[in-house]
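Asks: Quick one, what's the 3D model for this:
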Amino acid sequence: MPSLAVAIAQALKERGWTGLIEQQKSFQLWEEIVGPAIAANSRPIDIRDNVLIVQAKSAVWRSEIAFQKDEILAALNHRLKGNHLKDLKLK
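Replies: Coordinates of the predicted model:
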């Protein structure tokens, strides 16, 4: 008989929710990935269709994040162990 953890992991995988759970980890990883300055001036607010939605405090910070977008996405996906996030949208 499989353990509860194994049964839950199997159920999540069968329903296709494993990727969604991995995506949600990006909220926890945000400060570590972007650093304290960007994290103090932005925050992830949602994930829609594999796109991380980030709210920035000003146009200057939106520009800074946009400039680093590819590196941020690559670092997040590396930590999430897969290409769970396809894009990053700024608000």
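
Asks: Tell me where this protein has strands.
Replies: 42-48, 51-56, 87-90 (DSSP state E).

Asks: Can you say which of those strands is nearest to Val34?
Replies: strand 42-48 (7.2 Å; Cβ to Cβ). No exception for glycine: its C-beta is placed from N, CA and C like everyone else's.

Asks: Check which residues of that closest one are buried.
Replies: Judged by neighbour count (16 or more other Cβ atoms under 10 Å), strand 42-48 contains these buried residues: 42, 44, 47.

Asks: which residues touch that strand?
Replies: 20, 23-24, 26-27, 30, 34, 52-57, 61, 65, 85, 91 (Cβ atoms under 8 Å, 6 or more residues apart in numbering).

Asks: from the buried residues of strand 42-48, which is closest to Ala7?
Replies: Ile47 (26.0 Å).

Asks: who's the closest one bridged to?
Replies: Under the criterion DSSP bridges, Ile47 forms beta bridges with Leu52.

Asks: center of the chain, which residue is that?
Replies: Ser26 (2.9 Å; Cα atoms, centre = their mean).

Asks: Would you check that that residue makes contact with Gly82?
Replies: No. Between Ser26 and Gly82 there is no contact under Cβ atoms under 8 Å: 11.8 Å.
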